[in-house]
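Kindly generate the corresponding structure for this input.
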Amino acid sequence: MLLVNGKTGERLVVCQPNARRFFERNKQRSHHKEPGDYIFCHEDGKALLHLKTSPKMLGEAGLLYDSQGRKRSGYSLRYTYATFRLENGTNVYWLR
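Numbers count the residues shown, from 1 in each chain. Model (predicted):
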C-alpha cells in the first residue's frame, strides 16, 4: 500500500503485486537513494507536486481530442488503463 496525496486529500492506495519492484528500480536510477527520499522528484530531490501528462505526448499518440472534439488529459485515460488491466486478468479489487 502507498499513502498518496491527491485532489481529494490523503488516502491509501492498494498497489499491483509487482509495484514494489517498479519503485525499487526507479529508486536505483535516482541520485536520491536514502530511505526517506522521494522516488519521483526533481534533480534537487524535492518532491514533484504535480505529475501532468504532456499534451504533446497525447497529440503524438493521436489522443489529444476525443470523438466529440474535447481536449483530453492524462486523467481521461484512467478507464482505458482499467479496461486493459481487467482484460489481462487483474483482480477487480486492485483497481479501486
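
Dihedrals phi and psi, residue 4?
Phi and psi for residue 4, reported as degrees, to the nearest 10, are phi -120, psi 160.

now the closest residue to it other than its chain neighbours: how far from residue 72?
Among residues not flanking residue 4 along the chain, residue 13 sits closest, at 5.3 Å (CB to CB, 6 or more residues apart in numbering). Where you see a C-beta, it was placed from the backbone N, CA and C, and this is true even at glycine. Counting by CB to CB, to the nearest Å, the gap from residue 13 to residue 72 is 23 Å.

Looking at the residue of the chain most remote from its centre now. What's its pLDDT?
Distance from the C-alpha centroid of the chain peaks at residue 68, with 25.7 Å (CA atoms, centre = their mean). Per-residue confidence (pLDDT) for residue 68: 94.

show me where the protein has helices.
19-29, 55-60, 78-87 (DSSP state H).

For burial, what's the neighbour tally of the residue nearest to residue 4?
Using other CB atoms under 10 Å, residue 13 has 11 other residues around it.

partners of the helix or strand bottoming out on mean pLDDT in the chain, with directions?
Ranked by mean pLDDT, DSSP states H and E, the helix or strand of the chain with the weakest confidence is strand 2-6, at a mean of 79. Using DSSP bridges, strand 2-6 pairs in its sheet with strand 9-13 (antiparallel).
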